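Q: fold the stuff below for me.
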Amino acid sequence: MLMSKQKGRKDNNSGFGRVFNNQELGALISKIHATVISNGSELERIIINKSEQIKDLDEFISKANNWDIEKGVFVCSKKCLKNSSIKIQDQDEKNRKRYIEPDFIIFIVQSRRICKIIELKDGDNFDTKKVLGEKEHLRVFANEFSRKIPFATEFYFCCFNQNDRKAIITGLKNTFEENEILTGKEFCELLNISYEDIQNQRNKDSEENLDYFLKELIKIPNIKEKLEKLLKK
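A: Numbers count the residues shown, from 1 in each chain. Next up, the predicted model:
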């Protein structure tokens, strides 16, 4: 995700601006914040575009019921799930109903037919309450979804940028079992796509983001002066 494409906050009430007492710097920092938030969605889009996508989930399930699908690995996105007739709900802490929409539903058609329900994250360290909620959502969705499809269901939590399983378990506060987690490489292997290609693409964006940040930073008069003084020391 490119920082240059983010809007950030333009007004003078940015919390970042108050931190530095500099609204121009605050606006730039808010672009960083927006980029971090957008990175997760961007990662999902990259993976979806590299995978064999299901266009119509209802049609796919109908064909699966009739054993009319060739072997392969097929991905259902959030948008595809939203457009289907399948709606699975649970309740929040205030007993309000809400739909559960996992990041990825992956159907594997081989000698066994397996559906893997996956929550995908860029990071690898989370709040305990949030992790408990994520696991409960995955569990409820997997149980309910299994009744609607001719596939065995499994659920996983994937930390895309972490390839140390012990680090993932620690970051998830030991809430998930080891057989319920995926590293980024394992997730890509599951989809038959290249983990390295995705990382290279994202690293290229990171280089452009660094260049953009530095160029924008030195456009701010007070900042440029301070940097010049520091470099002379």
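Q: so what's the residue count around Q110?
A: Using other CB atoms under 10 Å, the number of residues around Q110 comes to 9. Where C-beta positions appear, they are placed from N, C-alpha and C, glycine not excepted.
Q: for it, give me its contacts.
A: K71 (CB atoms under 8 Å, 6 or more residues apart in numbering).
Q: can you map out the helices along this structure?
A: Taking DSSP state H to define them, one finds helices in the chain at 15-20, 23-50, 57-65, 78-82, 128-146, 165-171, 184-191, 195-217, 221-232.
Q: closest to E154 out of those?
A: Evaluated over those, closeness to E154 peaks at helix 128-146, with 7.0 Å, by CB to CB.
Q: phi, psi for Q162 please.
A: phi -120, psi 120 (degrees, to the nearest 10).
Q: what's the closest non-adjacent residue to it?
A: D124 (4.1 Å; CB to CB, 6 or more residues apart in numbering).
Q: how many neighbours does the one you found have?
A: Neighbours around D124, by other CB under 10 Å: 19.
Q: what's the answer for the one 10 residues further on, then?
A: Residues contacting E134 under the criterion other CB under 10 Å number 19.
Q: got a pLDDT number for it?
A: According to the prediction, E134 has pLDDT 90.
Q: follow-up on the earlier one: and the helices of the chain as TSV, adding distance to K5?
A: Output for those, formatted as TSV (distance: least, CB to CB, whole Å):
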stretch	distance to K5
helix 15-20	19
helix 23-50	9
helix 57-65	31
helix 78-82	21
helix 128-146	28
helix 165-171	29
helix 184-191	24
helix 195-217	10
helix 221-232	22
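Q: of those helices, which is nearest M1?
A: Nearest of the helices of the chain to M1, taken as CB to CB: helix 23-50 at 4.2 Å.
Q: ok, the nearest residue to F74 once chain neighbours are set aside - contacts?
A: Once flanking residues are discounted, F74 sits nearest to F107: 4.6 Å by CB to CB, 6+ apart. By CB under 8 Å, 6+ apart, the contact set of F107 is I54, F60, A64, V73, F74, V75, C76, R113, I114, C115, F151.
Q: any idea how far P150 is from F107?
A: Computed with CB to CB, to the nearest Å, the distance linking F107 and P150 is 10 Å.
Q: before we move on, what about I218?
A: Distance of I218 to P150, given as CB to CB: 60 Å.
Q: same check on K166?
A: Here the criterion is CB to CB. By it, K166 lies 36 Å from P150.
Q: again, but for V73
A: In terms of CB to CB, V73 sits 16 Å off from P150.
Q: now do the shared contacts for F107 and P150.
A: Joint contacts of F107 and P150 (CB under 8 Å, 6+ apart) are A64, R113.
Q: for this structure, which spans come out with low pLDDT?
A: 10-13, 91-95 (pLDDT under 70).
Q: any idea which residue is closest to the centre of this protein?
A: Ranked by distance to the mean C-alpha position of the chain (CA atoms, centre = their mean), the top residue is G40 at 3.8 Å.
Q: pretty sure that one sits against K121.
A: Yes. Here G40 reaches K121: they are 7.0 Å apart, a contact under CB atoms under 8 Å.
Q: now the common contact residues for these two.
A: Common neighbours of G40 and K121 (CB under 8 Å, 6+ apart) do not exist.
Q: re the thing from before, show me what the residue nearest to F74 is bridged to.
A: When bridges are taken as DSSP bridges, the partners of F107 come out as F74, C115.
Q: from F151, how far off is it?
A: From F107 to F151 the distance is 6 Å (CB to CB).
Q: what is in contact with those two at once?
A: A64, R113, I114, C115.
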